[in-house]
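Novice: what would the 3D arrangement of this be:
(chains A and B)
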Protein chains: 2
Amino acid sequence: MGKRIVIVGMGFGGIRAARVLAGKGHDVLLVDRNNYHLFQPLLYQVATAGLELESIAHSVRAMARRWPGTRFFLSEVTGVDCAGRALRTADGTIPYDYLIIGAGSVTNFFGIGPVERHAFDLKELADGERLRNHILTAFERAATEPDPARQRALMTFVIVGGGPTGVEFAGALVELVHFVLSKDYPELQTHAARVVLVEASDRLLAAMPAALQGYTLRKLRSMSVEVLLNARVVDAGPERVVLHDGAVIPAHTLFWSAGVKAAPLAAALDGPTGPGGRIIVEPDLTLPGHRELFVIGDMAYLEQDGTVLPMTAPVAMQMGIYAGRAILAREAGRTPPPFRYRDKGSMATIGRNAAVASAFGVNFRGYLAWLIWLLLHLYYLIGFRNRVVVLLNWLWYYWFHERQVRLITRRETPSRERHP
Amino acid sequence: MGKRIVIVGMGFGGIRAARVLAGKGHDVLLVDRNNYHLFQPLLYQVATAGLELESIAHSVRAMARRWPGTRFFLSEVTGVDCAGRALRTADGTIPYDYLIIGAGSVTNFFGIGPVERHAFDLKELADGERLRNHILTAFERAATEPDPARQRALMTFVIVGGGPTGVEFAGALVELVHFVLSKDYPELQTHAARVVLVEASDRLLAAMPAALQGYTLRKLRSMSVEVLLNARVVDAGPERVVLHDGAVIPAHTLFWSAGVKAAPLAAALDGPTGPGGRIIVEPDLTLPGHRELFVIGDMAYLEQDGTVLPMTAPVAMQMGIYAGRAILAREAGRTPPPFRYRDKGSMATIGRNAAVASAFGVNFRGYLAWLIWLLLHLYYLIGFRNRVVVLLNWLWYYWFHERQVRLITRRETPSRERHP
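Specialist: Got it, this is the predicted structure:
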């Protein structure tokens, strides 16, 4: 009889670990508080009315069906009894022989209370819908707002963080306004809408080569995104955003993508933590002193060749595959080699026909990079039907400059009520 | 300069009135509390994981773009000053020369308090998502429920009302369980799941010819739906449903489609009301004493050849077109002829390859009726992209017996909290 292997978190790492371990004679239990895998990198396209939310999520049970020996358990994990080898959940305790934890990350507001209360972020499926409803409601309110200053504030969007999420969201949002909403709201001067991207360092896409950083900056500015470098947001209210130099931007929408930290579950493990609350793992991704407990993805802190591995999907995927194989190796009496991340490059899309990609030392930008981005995202999206629906939406947008999911599906919840 | 025409409600009637009146030199204002037109007849397919909710809704502004002279106003209508010719909304008062009201209907629980507190219904977009989440969560809970009786109750669904909605939902639900969830939940005896359809009269689909009623009953029973005729639900709790004869069905889900009544706005009009609070309109669909105020769709009560016009989409569509044309006729100095509904027939789908349709005195059933149903629903769905996505989902289901939208997008809200 095989071992009881529990995998917590059906993100990029968790589902790859499950795939490796399925059908190998072990009893594999998949645990997540949601019944779906979320393709987070496209969440910003849900927020900008480009994709229906169902197309970037895929049922875990639909996947588990094809993975022999796996079962799914929908519950919230509340803690781990590392010594007793038992996982604590809201619906009971589960013993394990091996545990793989990939619970991901949450937004890091760095303790700036007013920002945390007023900002939107994009981590969960519902966040995409909530932000889309908020953006579209802001335009509806602007359409009937008699005061020009308030009207402009309703059409002003401040995005904090010049990483891939901030850049991609800024580009998609400005295109939504200029290509789509401009036609929807003939009564509004939509060209007066402002998309302001605030970045604390002196460059966008810090992980990219300098040439691509420059291209990204020029491209965004040509699309009329106001990029503020060396700038920080220090305060916020429902109708304004305050910068480090005291400048006030009247804006009804603040989007925060300036940092993430390990999911709260990391604090429940008996392990040393590094920056962002991430668990400092051994070279084989296990918790120090617990060779049966693997931590993968954004929760794991590991240095390689002197640099910390980034909190990205490719790292999580490779860690998930490694953890699965390491367990199989151990069960076969072999000692797994240490984990080693192979960097295949990074990319970000800016807008129509415009993206940047860096892979194997080669830089791509513009149309070719955009095409690579598109094909890779379709490839990694789970579920064949999802791929067809996403491709359909992208073609529609490409040909007709149309984003069809311009629905306000719920009355607006003011952002300040989101973090009670 | 043309007249100010206000249309309230972007349902089947409202959008057709708008289309008739667009580009005729009038100032047409479209008012709805949602920014989309909802294709209600397919809402049950959202609830049974067959369609994403975005695919059955279409942005009003996307439509209004192509209708010259129309504008959209997102607001909740609170009343009408019929004498002063002004519409009261949550965001201000709007004067009008002509007003067309098609605010639709709400579920009629006939004053049965416990049912109203515990039952689900399908009228709004959010209802479809809520019911889907509830059904899928019930199966997740059943998967870990040790008590066999409670487990079976979690997999028991009572549907009240043998009209088209009840029949279509029952068929789609039983197929979801037997074709899809049976593969998702190998740990559950899904064949023990119960779908109980309760109808107060002695037949299903009262508006259909007797031969099709018999076919529908036989077909549903062959699909293992328990059809109870001459039965009524008199009480309900979170875990049980009580019938008129005292029989108790342990069930966690109660779906109510046994009746509708006019939207509450009807009570705000100074007009005579008939059964279900519907406004008794003149033969030209106007409010008695107010030739400038038209009431269309489910809100209007009108008899034709001794029978009351039903509260259906075809009636609403024809009324919308009529109201638009009547205004144009009046403005041209002509008197419009009285409204006359042309009954083109009715239909309902039961399951895969099985539907009933009655048109122009001819009865169809089985595969042919199913194909007609499919094509007509695609035709009436608004938005070309929506049609493609819906067709894609249907083909997927047909070929692979798969319904992809098996997502629990929100933690369960107990049904009793839905009507505070």
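
Novice: how about the residues of the stretch 201-350 of chain A by chain B?
Specialist: Residues of the stretch 201-350 of chain A found near chain B, taking C-beta under 8 Å from any C-beta of the partner chain as the criterion, are absent altogether. (Each C-beta comes from the backbone N, C-alpha and C, glycine too.)

Novice: phi, psi for residue A:71 please.
Specialist: In terms of degrees, to the nearest 10, the main-chain angles of residue A:71 are phi -130, psi 160.

Novice: how about the contacts made by the nearest residue to it once chain neighbours are set aside?
Specialist: In space, not counting the residues next to it along the chain, residue A:71 is nearest to residue A:29; the distance is 5.4 Å by C-beta to C-beta, 6 or more residues apart in numbering or on different chains. For residue A:29, the set of contacting residues under the criterion of C-beta atoms under 8 Å, 6 or more residues apart in numbering or on different chains consists of A:4-7, A:70-73, A:94, A:96.

Novice: tell me which of those fall in strands.
Specialist: Among the contacts of residue A:29, the subset assigned to strands under DSSP state E consists of A:4-7, A:70-73, A:94.

Novice: check which element follows the helix or strand the residue nearest to residue A:71 falls within along the chain.
Specialist: Using DSSP states H and E, residue A:29 maps to strand A:27-32. Next along the chain after strand A:27-32, taking DSSP H and E as the criterion, comes strand A:36-38.

Novice: I'd like to know which elements that next one is packed against.
Specialist: When contacts are defined as 3 or more C-beta pairs under 8 Å, 6 or more residues apart in numbering or on different chains; DSSP states H and E, strand A:36-38 packs onto strand A:57-59, helix A:60-64.

Novice: which strands or helices does the following helix or strand past that strand pack on?
Specialist: Along the chain past strand A:36-38, the next helix or strand (assigned with DSSP H and E) turns out to be helix A:43-47. In this structure, helix A:43-47 makes packing contacts with helix A:125-143, helix A:164-175, judged by 3+ C-beta pairs under 8 Å, 6+ apart.

Novice: just name the most buried of those helices.
Specialist: Per residue and on average, the most neighbours among these fall to helix A:164-175, with a mean of 25 (mean count of other C-beta atoms under 10 Å in any protein chain shown).

Novice: that one vs helix A:125-143, what angle?
Specialist: Relative orientation of helix A:164-175 with respect to helix A:125-143: 30 degrees, computed using axes from the mean of the first three to the mean of the last three C-alpha atoms, to 10 degrees.

Novice: what about the following helix or strand past helix A:164-175, near chain B?
Specialist: Sequence-wise, the next helix or strand beyond helix A:164-175 is helix A:182-184, with elements assigned using DSSP H and E. Yes. Counting by C-beta under 8 Å from any C-beta, contacts between helix A:182-184 and chain B involve A:183-184.

Novice: ok, and what's touching helix A:182-184?
Specialist: A:139, A:190-191, A:406, B:59, B:61-62, B:65.

Novice: any stretches of the stretch 301-420 of chain A with poor pLDDT?
Specialist: Residue ranges of the stretch 301-420 of chain A with pLDDT under 70: A:411-420.

Novice: okay, helices next: where are they in it?
Specialist: When secondary structure is read from DSSP state H, counting those that start in this stretch, the stretch 301-420 of chain A shows helices at A:313-331, A:367-380, A:384-400.

Novice: mind listing what's buried along the shortest one?
Specialist: So the one you mean is helix A:367-380. A:369-370, A:372-374, A:376-377 (16 or more other C-beta atoms under 10 Å in any protein chain shown).

Novice: hang on, the earlier thing: what's the most buried one of the helices of the stretch 301-420 of chain A?
Specialist: The highest mean neighbour count among the helices of the stretch 301-420 of chain A belongs to helix A:313-331 (a mean of 22), with neighbours defined as mean count of other C-beta under 10 Å.

Novice: that one packs against which elements?
Specialist: In this structure, helix A:313-331 makes packing contacts with helix A:12-21, strand A:98-101, strand A:290-295, judged by 3+ C-beta pairs under 8 Å, 6+ apart.

Novice: can you list contacts of it?
Specialist: Outside of helix A:313-331, the residues within contact range by C-beta under 8 Å, 6+ apart are A:2-3, A:5, A:11-21, A:24, A:26, A:40-41, A:98, A:100, A:102, A:284-285, A:291, A:294, A:296-298, A:300, A:309, A:335-336, A:339, A:341-344, A:380.

Novice: quick one: it to helix A:367-380, angle?
Specialist: Helix A:313-331 and helix A:367-380 meet at an angle of 40 degrees, taking the same axes, to 10 degrees as the criterion.

Novice: helix A:313-331 versus helix A:12-21: what angle between them?
Specialist: Using the same axes, to 10 degrees, one finds that helix A:313-331 and helix A:12-21 are set 30 degrees apart in direction.

Novice: can I get helix A:313-331 as CSV, trimmed to CA atoms?
Specialist: In CSV, the C-alpha atoms belonging to helix A:313-331 read as follows (Å, rounded to 0.1, in the frame of the first residue of the first chain):
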residue,chain,number,x,y,z
ALA,A,313,4.2,30.9,-11.7
PRO,A,314,7.2,29.2,-13.5
VAL,A,315,9.0,28.8,-10.1
ALA,A,316,5.9,27.3,-8.5
MET,A,317,5.4,24.9,-11.4
GLN,A,318,9.0,23.6,-11.3
MET,A,319,8.8,23.3,-7.5
GLY,A,320,5.5,21.3,-7.7
ILE,A,321,7.0,18.9,-10.2
TYR,A,322,10.2,18.6,-8.1
ALA,A,323,8.3,17.9,-4.9
GLY,A,324,6.3,15.2,-6.5
ARG,A,325,9.4,13.6,-8.0
ALA,A,326,11.3,13.9,-4.7
ILE,A,327,8.6,11.9,-2.9
LEU,A,328,8.7,9.2,-5.6
ALA,A,329,12.5,9.1,-5.4
ARG,A,330,12.4,8.7,-1.6
GLU,A,331,9.9,6.0,-1.7
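
Novice: and whatever residue of the stretch 301-420 of chain A ends up closest to chain B, what does it touch?
Specialist: Ranking the residues of the stretch 301-420 of chain A by distance to chain B (C-beta to the nearest C-beta) places residue A:406 first, at 4.4 Å. By C-beta under 8 Å, 6+ apart, residue A:406 lies in contact with A:49, A:136, A:180, A:184, B:35, B:59, B:61-62.

Novice: one step back: from the contacts of helix A:182-184, pick the one nearest residue A:84.
Specialist: Nearest to residue A:84 among the contacts of helix A:182-184, counting by C-beta to C-beta, is residue A:406 at 51.7 Å.

Novice: just to revisit the earlier point, out of the helices and strands packed on helix A:43-47, the one nearest chain B is which?
Specialist: helix A:125-143 (4.5 Å).

Novice: now for that closest one, which elements pack on it?
Specialist: In this structure, helix A:125-143 makes packing contacts with helix A:43-47, helix A:148-154, strand A:253-256, judged by 3+ C-beta pairs under 8 Å, 6+ apart.

Novice: so for it, what's the average pLDDT?
Specialist: Averaged across helix A:125-143, the pLDDT comes to 96.

Novice: so what's the residue count around residue A:207?
Specialist: Residue A:207 is flanked by 15 other residues according to other C-beta atoms under 10 Å in any protein chain shown.

Novice: if we can go back for a sec, are any of the contacts of helix A:313-331 buried, and which?
Specialist: Buried positions within these, assessed by neighbour count (16+ other C-beta under 10 Å), are A:3, A:5, A:11-21, A:24, A:26, A:40-41, A:98, A:100, A:102, A:284-285, A:294, A:296-298, A:300, A:309, A:336, A:339, A:341, A:343.
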